[in-house]
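Enquirer: Need the 3D shape of this:
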Amino acid sequence: MKKLLLCAALMASLPAMAATATASASAKAPAAKTESNMADAMESATYELEQSFGTAKGNPIPILDKLAVYEFSPPTAAKLKTVFGSARPYTLTRAPAAGGMIAFDFSVPAHNYADLNEQTWSWSALNLNMLTDEAGRTLTSSGSWPAFVIDGKPGKMTINNITMEGKQTRNSDDVWVGAARADAKSLEISGKNHPFSIKMEKLSVTSMVEPNGKDYDLGSDLRIELITVMEEKIDDLRASMRMSKLDLKAFEQLSSDIRKKTKPGAEPKLDDFGPQIKAFAKGMSARGTAIELTEMSVGYLGHRALLKGRFSLGKTVEKDFKTTAALLKKMDARFEVRVPVALVTAVTRKMTAAQAATQAETPSPEAIDATVKSMTDMYIKMAVDAGYARLEGDVLVSMLDYKAGQLTVNGKAIALPAGEGKKPVARAKKPARRSK
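Expert: Have a look, this model is predicted:
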């Protein structure tokens, strides 16, 4: 249920985020000046919905019934009427369902709006169907939003064919476990003042909550099949993260405190939440909570580079929370970077060809091959000799470790700004070997 309402809030806040994205190339105006009536209205509405429904605990049926007749505050209602012509821009109604089940239909009608600063907004109708049992213990959802467009002076953003689906169960802890997913056929951003273009195709975002003993695991997965930036193409971007053994109730309480004390559109001031963050960090340490980057990989020129790793907080005592430096020494992190030599070679070949074209040269294929091999060998030798990488077959590997305040790369100490830790005894490096 929480994911569902956050999804609705996310959809509602998309105009505010889009305004920021397309206007990023221009200078920011004073905070008191309204740059966009649409973004201002949706930011205020999203804030009020989060304040009223952010935790969404308990049976979802009365919560959805309340959301159906929810009245925004007079200032927010006035903003919504300006851009939508209505103080409630959505409809939420009960729908026919099989025996023992209750269904709701959520919708936002198609809309066009000419905003300030020559911005225009347009989107097709958004529809979301939710189905729960009479006890409010299960929830399935599916929805679609065929098109969303914002067009302004700095640039234009278009998102096509958004779909959403989810399946969750509310357990005895009043926690919704299960998964939710959103897909989009494409997302395109183009610039006008400074011409550029980015197109992302076949995007998907998945989130999940799973029980882990008395605690919970949170996971997320982002995939983009193809990214085209101007003429460059990046294949199959994957980013998967997992937070394991999390005290979900403490996490929700911390999130709630931050949300309630942070004004709309403002960044939270973490210094104001010192005691709450400290208590949460102690819980992480006691439980062995870990944040895992299970995969961050990307394909380029037919080859893939990979980053994965893990972060956790070691056993702590009260004095470890007295200073940031002391707490940093309790943090443990280990990350692995893997780059195929073939990728280094392919990038070097592309750079060599581009340089030859710039200089109006037409070197022979043999000359290009020789240059590419020489430069690739040099790059690899520099990385290996400096201790920043090692060769495992035809893959360059770097292991980054942070423990007890000391950062090392493949066992080589890296000086931090604080200058903590001693540098290990230098080891002789073996020259990199590659087959011809």
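Enquirer: Could you look up the SS state of I227?
Expert: With DSSP: H, G, I helix; E, B strand; the rest coil as the basis, I227 sits in strand.
Enquirer: Tell me if I'm right that it and K199 touch.
Expert: Yes. I227 lies in contact with K199 (Cβ atoms under 8 Å); the separation is 7.3 Å. No exception for glycine: its C-beta is placed from N, CA and C like everyone else's.
Enquirer: buried sites along stretch 67-87?
Expert: Residues L67, F72, T76, A77, K79, L80, V83, F84 are the ones in stretch 67-87 that count as buried (16 or more other Cβ atoms under 10 Å).
Enquirer: what sits up against the helix or strand harbouring D401?
Expert: Element membership for D401, per DSSP states H and E: strand 395-403. If you take Cβ atoms under 8 Å, 6 or more residues apart in numbering as the criterion, strand 395-403 is touched by 309, 331-341, 344, 380, 383-384, 388-391, 407-411.
Enquirer: in it, what counts as buried?
Expert: Buried-residue list, strand 395-403, by 16+ other Cβ under 10 Å: V395, L396, S398, L400, D401, Y402.
Enquirer: what lines up beside whatever helix or strand I234 lives in in the sheet?
Expert: Per DSSP H and E, I234 falls inside strand 232-246. Next to strand 232-246 in the sheet, as set by DSSP bridges, lie strand 215-229 (antiparallel), strand 290-300 (antiparallel).
Enquirer: got CSV for these, with distance to I61 too?
Expert: Listed next are the strands paired with strand 232-246 as CSV, based on distance: least, Cβ to Cβ, whole Å:
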stretch, distance to I61
strand 215-229, 24
strand 290-300, 35
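Enquirer: Looking at those strands, which is nearest to D236?
Expert: Closest approach to D236 among these is made by strand 290-300 (4.8 Å; Cβ to Cβ).
Enquirer: any idea of the mean pLDDT in the closest one?
Expert: Throughout strand 290-300, pLDDT has a mean value of 96.
Enquirer: Dig out what T138 forms beta bridges with.
Expert: Where T138 sits in a bridge, its partners, by DSSP bridges, are T169.
Enquirer: I'd like to check what contacts the helix or strand encompassing T76. Which residues are they?
Expert: If you go by DSSP H and E, T76 is part of helix 74-84. By Cβ under 8 Å, 6+ apart, the surrounding residues in contact with helix 74-84 are 37-38, 40-41, 44-45, 48, 71-72, 86-89, 111, 113, 115.
Enquirer: Can you verify my assumption that A95 contacts N129?
Expert: Yes. Using Cβ under 8 Å, A95 makes contact with N129 at a distance of 7.1 Å.
Enquirer: Comparing those two, which residue is more hemmed in?
Expert: Per other Cβ atoms under 10 Å, whichever of A95 and N129 has more neighbours is N129, with 17 against 12.
Enquirer: starting at the chain centroid, how far to stretch 297-305?
Expert: 20 Å (Cα atoms, centre = their mean, to the nearest Å).
Enquirer: Okay, buried residues for it please.
Expert: V298, G299, Y300, H303, R304, A305.
Enquirer: closest to M351 among the buried residues of strand 395-403?
Expert: L396 (17.3 Å).
Enquirer: related to what we said a few turns ago, going by distance to K322, which of the contacts of helix 74-84 wins?
Expert: The closest of those, once distances to K322 are taken by Cβ to Cβ, is E48, at 38.8 Å.
Enquirer: so what's the closest one up against?
Expert: F72, S73, T76.
Enquirer: Switch these over to JSON lines; also include pLDDT and distance to N161.
Expert: Listed next are the contacts of E48 as JSON lines, based on pLDDT from 0 to 100; distance: Cβ to Cβ, whole Å:
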{"residue": "F72", "pLDDT": "97", "distance to N161": "30"}
{"residue": "S73", "pLDDT": "96", "distance to N161": "34"}
{"residue": "T76", "pLDDT": "96", "distance to N161": "30"}
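Enquirer: In CSV: these, plus distance to R242.
Expert: Listed next are those as CSV, based on distance: Cβ to Cβ, whole Å:
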residue, distance to R242
F72, 37
S73, 38
T76, 37
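Enquirer: which one among those gets closest to A279?
Expert: S73 (32.1 Å).
Enquirer: Can you tell me the closest non-neighbouring residue to the closest one?
Expert: Distances taken as Cβ to Cβ, 6 or more residues apart in numbering place E48 nearest to S73, at 6.4 Å, with adjacent residues excluded.
Enquirer: The one you found sits in which helix or strand?
Expert: helix 37-53.
Enquirer: what angle sits between the next helix or strand after that helix and helix 37-53?
Expert: Counting by DSSP H and E, the next helix or strand C-terminal to helix 37-53 is helix 60-68. Counting by axes from the mean of the first three to the mean of the last three Cα atoms, to 10 degrees, helix 60-68 lies at 140 degrees to helix 37-53.
Enquirer: Show me which residues of helix 60-68 are buried.
Expert: P60, I61, I63, L64, L67.
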